[in-house]
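> this one's sequence-less:
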């Protein structure tokens, strides 16, 4: 693993983006809770619960990356598999919880789409890490990861919805595309781990087991997956 500093812009992005996503989540939950008719106290309580649960998940995964727990690839199953399971569990729990229902029914559809634009700067940061030799090319837009399309089109689709040009069908098509691209990069990331070494021993995905990069799967993939599920709920209501 090449040496890096948290102050480097491409590295700092893996701290700044997750923290911004946390702030947006808490603010949104408080806002939709108030819209649902909850009292200010109940809305604040919902925000605090969201902050505590999300903060705990971020702290646990950070510690797991800092202590090297996730790098025990010789174990069966490897600890990284539990991280993947936790991502699915966290995402589905948020999307299908009361808070997720409020977000799907009370938050503007364009806003739910716009949040996914965080994937554009993320992909740019990831490409910079590849150029530094920190991550394999397969996980960038010059390799097998095309998730930058989701981030680049999120603001466009959101803007079209706001001005009334784009409708629910446009959002539905975009959501399916975004979910497919997310699934694609997750599969690529898993195949590139030392467990499979599908792309060769010199193209391994191990950087996500170090801090702050562990927040790529733990926070940002979770946010992307939960976001697509919540949008699907919004479209299905």
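That came through, no problem. Owing to the predicted nature of the structure, the values given are computational and were not obtained by experimental measurement.

> does residue 93 sit in a helix, a strand or a coil?
In the three-state summary, residue 93 is assigned as helix, counting by DSSP: H, G, I helix; E, B strand; the rest coil.

> if I look at it, how far off is residue 50?
According to C-beta to C-beta, to the nearest Å, residue 93 stands 11 Å off from residue 50. Where C-beta positions appear, they are placed from N, C-alpha and C, glycine not excepted.

> so between those two, which is more surrounded?
Taking other C-beta atoms under 10 Å, residue 93 and residue 50 do not tie; residue 50 has more neighbours (21 against 13).

> where's that one, which helix or strand?
Applying DSSP states H and E as the criterion places residue 50 in helix 40-67.

> and what of residue 231?
Using DSSP H and E, residue 231 sits within helix 222-236.

> check residue 190 too.
Using DSSP H and E, residue 190 falls in helix 168-191.

> quick one: that helix to helix 222-236, angle?
Orientation check (axes from the mean of the first three to the mean of the last three C-alpha atoms, to 10 degrees): helix 168-191 against helix 222-236 gives 150 degrees.

> counting contacts, what elements does helix 168-191 pack onto?
Under the contact criterion of 3 or more C-beta pairs under 8 Å, 6 or more residues apart in numbering; DSSP states H and E, helix 168-191 touches helix 109-115, helix 148-163, helix 222-236.

> to residue 189, which of the ones you listed lies closest?
Ranking the helices and strands packed on helix 168-191 by proximity to residue 189 (C-beta to C-beta) places helix 222-236 first, at 12.6 Å.

> may I see the buried residues of the helix holding residue 190?
Within helix 168-191, the residues that count as buried by 16 or more other C-beta atoms under 10 Å are 171, 174-175, 178-179, 181-182, 185-186, 188-191.

> same deal with stretch 4-20?
4, 10, 11, 13, 14, 15, 17, 18.

> with stretch 225-237 instead?
Across stretch 225-237, burial judged by 16+ other C-beta under 10 Å covers 225, 226, 227, 228, 229, 230, 231, 232, 233, 234.

> what do you get for stretch 72-83?
Buried, per 16+ other C-beta under 10 Å, within stretch 72-83: 73, 78, 80, 83.

> and of those, the nearest to residue 155?
Of all the buried residues of stretch 72-83, residue 155 sits closest to residue 83, with 29.7 Å by C-beta to C-beta.

> what angle separates the helix holding residue 190 from helix 148-163?
Here the directions of helix 168-191 and helix 148-163 differ by 160 degrees (the same axes, to 10 degrees).

> now tell me what touches helix 168-191 from outside.
84, 109, 113, 116, 138-139, 143-147, 149-150, 153-154, 157, 160-161, 196, 198-199, 205, 208, 217, 221, 224-225, 228, 231-232, 235 (C-beta atoms under 8 Å, 6 or more residues apart in numbering).

> cheers, nothing more for now.
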